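Colleague: Would you be able to build a 3D model of this:
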Amino acid sequence: MLFGATWGRQFVPSLRAAWAGTARLSTSRRVGALKTGLVGLPNVGKSSLFNALLGTTQAEAANYPFCTIEPNVGTVLLPDERLDRLAHQQQAQRTVYTTLQYVDIAGLVRDASQGAGLGNQFLANIRECDLVVHVVRVFPDENVTHVEERIDPLADIDIIELELQLADLGQIERLRAKHKNLRLKEPVMHAAAEKLHHGLNSGLPASACELTEEEVAAVRSLGLITLKPMIYAINTEEDQLAEPTGATAELVSALAERGQHGVLVSAKFESELAILPPEDRLLFLEDLGLTPSQTGLGKLVRASYQRLDLLSFFTAGVTEARAWSLQRGAMAPQAAGVIHSDFEKHFIKAEVIAWDQLLEAGGFSQARERGWIRLEGREYAVQDGDVIVFKTAA
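Modeller: Numbering: from 1, shown residues only. Purely as a prediction, here's the structure:
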């Protein structure tokens, strides 16, 4: 920490197209608590993908349904070349990347919403997540059975989407049955429940039911799964990652037509790559002409970050260069609060410069000489890539 007399303390700490349009997460939530859940049918590669994300063999990956019962939880670093360059410029003693939390949830099956295959337990695990990554199997492998005894990714998507919608419909019906006077006691929640009941009964996800922001807030405690943002992880073969063909290309095209977010991954390839020593892994990627952020996993983590509507701001100095996660649209005091709650409480001003401007200037002193560092107040909306020095009261 640096201490300055002018401002007190100065801190530089070392389902369908409708799935695409979901309500923004509340900016009051602590970003570090956000969870991304991996869901899908059994034997589609969720646990292999989870292990690849973590670079471990923590989650059991086996050729039978429900090899994962209790959800596995792990924290994944988010590589950021901007932070690497800032750390190099500042000659930082350490570099700290921002993270995302992933949850490997056991496979759902047809009729999961009615309790099939421990469905109620697994659906409850999904409700606790903020983002859903639906892992879809495209790869053919006679040694890995498919619960439906065929490889048809679009049909698999329809099964999962239907179960999630039915699970949400059950939540709404229980709400209406429990609170007979909902219209009088909670009119906003009642309006939301009526829209959701009609839409879900019509085969729509909750995100397509045209809820207002106030209505979304009213039903947030229900944990409606189809109200959450979703990404499709297309689990295919290694040779399909660069230029997809056949079934992989068809699925990519179909998802694009639905306005849905798809990312190509090869869980088998990436899980094998992830357990290599870091030096060997980097050399292997260099031979392929890739950086860690350009792999299927890197793209999935970055897409997860974007779908959670997050941005990164940086603090950088000799002691430490660090990336911090913040909800997009949050103001400077909230950014200060991500670092420490006292910083938000005693916030005065923030010195701000874009990361690339700081690199161009050659450092903070040179940026000040050029007049590139801005002094921002409480109403400043932090931008992705901002480098910030927070100034607070003593």
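Colleague: was I right about Ile348 contacting Ala393?
Modeller: Yes. Counting by Cβ atoms under 8 Å, Ile348 does reach Ala393; the two are 5.9 Å apart. For every residue, glycine as well, the C-beta is placed using N, CA and C.
Colleague: Name the residue in these two with the higher neighbour count.
Modeller: Ile348 (16 against 11; other Cβ atoms under 10 Å).
Colleague: Give me the phi and psi for that one.
Modeller: Dihedral pair for Ile348: phi -120, psi -60, per degrees, to the nearest 10.
Colleague: excluding its backbone neighbours, what's nearest it?
Modeller: Lys391 (5.0 Å; Cβ to Cβ, 6 or more residues apart in numbering).
Colleague: who's the one you found bridged to?
Modeller: Gln10, Lys349 (DSSP bridges).
Colleague: give me the number of residues near it?
Modeller: 21.
Colleague: same thing with Leu108?
Modeller: Neighbours of Leu108 (other Cβ under 10 Å): 26.
Colleague: swap in Gly203?
Modeller: 12.
Colleague: That one: what secondary structure?
Modeller: Following DSSP: H, G, I helix; E, B strand; the rest coil, Gly203 is assigned to coil.
Colleague: Next, find the distance separating the residue nearest to Ile348 from Arg281.
Modeller: 41 Å (Cβ to Cβ, to the nearest Å).
Colleague: Quick check: the residue positioned nearest the centre of the chain vs Gln327, distance?
Modeller: What sits nearest the mean C-alpha location of the chain, by Cα atoms, centre = their mean, is Ser304, with 3.2 Å. Distance, Ser304 to Gln327, using Cβ to Cβ: 14 Å.
Colleague: Tell me the pLDDT of Arg220.
Modeller: If you check Arg220, the pLDDT there is 92.
Colleague: At which residues are the helices of the stretch 201-350 of the chain located?
Modeller: Assigned by DSSP state H, counting those that start in this stretch, the helices in the stretch 201-350 of the chain fall at 213-219, 246-257, 267-274, 278-288, 296-307, 332-339, 341-345.
Colleague: and those helices as JSON lines, adding distance to Glu128?
Modeller: What follows is the helices of the stretch 201-350 of the chain, written out as JSON lines (distance: least, Cβ to Cβ, whole Å):
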{"stretch": "helix 213-219", "distance to Glu128": "16"}
{"stretch": "helix 246-257", "distance to Glu128": "26"}
{"stretch": "helix 267-274", "distance to Glu128": "23"}
{"stretch": "helix 278-288", "distance to Glu128": "32"}
{"stretch": "helix 296-307", "distance to Glu128": "16"}
{"stretch": "helix 332-339", "distance to Glu128": "22"}
{"stretch": "helix 341-345", "distance to Glu128": "24"}
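Colleague: For the lengthiest helix in the chain, list every residue counted as buried.
Modeller: Across the chain, the longest stretch assigned as helix under DSSP state H is helix 153-178. Of the residues in helix 153-178, those buried by neighbour count under the rule 16 or more other Cβ atoms under 10 Å are 153, 156-157, 159-169, 171-172, 175.
Colleague: I'd say Pro333 and His346 touch.
Modeller: No. Using Cβ under 8 Å, Pro333 makes no contact with His346, being 9.5 Å away.
Colleague: Tell me which of those two has more neighbours.
Modeller: For the pair Pro333 and His346, the greater number of neighbours falls to Pro333 (21 against 17), based on other Cβ under 10 Å.
Colleague: In space, what's closest to the more buried one - neighbours in sequence excluded?
Modeller: Per Cβ to Cβ, 6+ apart, closest to Pro333 is Phe347, 4.2 Å.
Colleague: surely the one you found meets Arg378?
Modeller: Yes. The pair Phe347 and Arg378 passes the contact test of Cβ under 8 Å, sitting 6.8 Å apart.
Colleague: Who has more neighbours out of those two?
Modeller: Phe347 (21 against 12).
Colleague: quick one, what contacts that one?
Modeller: Ala332, Pro333, Ala336, Arg378, Phe390, Thr392 (Cβ atoms under 8 Å, 6 or more residues apart in numbering).
Colleague: could I get those as CSV with distance to Val44 and pLDDT?
Modeller: Shown next, in CSV, are those (distance: Cβ to Cβ, whole Å; pLDDT from 0 to 100):
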residue, distance to Val44, pLDDT
Ala332, 43, 97
Pro333, 43, 97
Ala336, 42, 96
Arg378, 47, 96
Phe390, 44, 97
Thr392, 48, 93
